[in-house]
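Undergrad: this one's sequence-less:
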C-alpha cells in the first residue's frame, strides 16, 4: 500500500501544481471564463488514464508462464526507466515549472484560443496519469491488488487536499524539500523495480542469473510473508536472489544516487552564489 500511496501522492501533487498554476495565471490575466476549458481537459485526461491502466492490466492478465514473466519484467524495467526520468527531471526543472507553464498559458490563451489551453491542461495531466497507471501496474505485480488500490486512493486524496491548501490558503508546502524526500524514497523503490524486472527476465530465460540463488533466507524471512511482501513491494526484496539481480539493484542504486547527490550539490552551490 505504501508504494502506491507514495507514487499517487507524488504524481497527484505534480498534476495539482500544474493545474493550479494554469488556473492562477488565467485569473492573473483576467481570462477566468476559460477555466472550464482547463477542467474539461483535466477530466478527459483522467478518464483516458483510467482506460489506459485497465487496458494494460487486462493485457498483462492474458499472459501465462514464460510470456507472463517477460511481460512483467519489461513492465518493471519500463516503469523504473520512467520513474528515473521523473526523479531527475523534477530535480533539475522543479524551480522553473511555474515560469514555463505561465508562459505557455499566456501563449495558448492569446495566440491559439481555448483549444490550445485545453490541450495544455490535457497533456500535462495525461502524462502524469499514464506514468501513475504504469507505476501502479508494476506495484500490483509485486503485491495484492486491494492494498495497491487503497494506497492509490489515499495518495490521490492527500494530493487533492494538499493542492487545495497550496492555492486557497496562506500555508505553503516547501516543494523543494517535498520532492527531495520523495526522490530519496522513490530511489529505493525504483531500484527494487529494476531488481524485480531482472528477476522476472531471469525466470523467463532472457538473462543469466550467473549464481542462482546467491543465498536463500526464506526460512528466516520469506518474501511471501506479510512483512516480506511489504519489503518486496517497497524495495524489491527477494529471499533467494540471483547474482545478476543483486548486481542490477546496487549498480542502479549507486549510479542514480550519485547523480541525485551531485545535482543537489550543484543546486546548493548555485543558490549560494546567487545569494
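TA: Cool, got the structure. Everything numeric in this text was worked out from a predicted model, so none of it was measured.
Undergrad: okay, CA-based contacts and neighbour counts for the rest of this
TA: Noted.
Undergrad: residue boundaries of the helices in the stretch 101-250 of the chain?
TA: With helices called from DSSP state H, counting those that start in this stretch, the stretch 101-250 of the chain shows them at 114-142, 145-168, 175-203, 226-235, 243-274.
Undergrad: may I see those helices arranged in CSV, with mean pLDDT, distance to residue 60 and mean neighbour count as well?
TA: Below are the helices of the stretch 101-250 of the chain laid out as CSV (pLDDT from 0 to 100; distance: least, CA to CA, whole Å; neighbours: other CA atoms under 10 Å):
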stretch, mean pLDDT, distance to residue 60, mean neighbour count
helix 114-142, 80, 9, 21
helix 145-168, 78, 13, 18
helix 175-203, 82, 14, 21
helix 226-235, 75, 18, 20
helix 243-274, 84, 22, 14
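Undergrad: TSV for those, including distance to residue 17?
TA: Output for the helices of the stretch 101-250 of the chain, formatted as TSV (distance: least, CA to CA, whole Å):
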stretch	distance to residue 17
helix 114-142	10
helix 145-168	7
helix 175-203	10
helix 226-235	26
helix 243-274	21
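Undergrad: so which of those is nearest residue 213?
TA: Nearest to residue 213 among the helices of the stretch 101-250 of the chain is helix 243-274 (7.0 Å), distances taken as CA to CA.
Undergrad: now do the closest one: which elements does it pack against?
TA: For helix 243-274, the packing partners by 3 or more CA pairs under 8 Å, 6 or more residues apart in numbering; DSSP states H and E come out as helix 65-93, helix 175-203.
Undergrad: name the helices or strands packed onto the first one?
TA: With contacts taken as 3+ CA pairs under 8 Å, 6+ apart, helix 65-93 sits against helix 35-62, helix 114-142, helix 175-203, helix 243-274.
Undergrad: any buried residues in that helix, and which?
TA: Going by neighbour count (16 or more other CA atoms under 10 Å), the buried part of helix 65-93 is 68-80, 83-84, 86-88, 90-91.
Undergrad: hang on, the earlier thing: can I get the helices and strands packed on helix 65-93 in CSV including distance to residue 209?
TA: Formatted as CSV, these follow (distance: least, CA to CA, whole Å):
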stretch, distance to residue 209
helix 35-62, 24
helix 114-142, 20
helix 175-203, 6
helix 243-274, 5
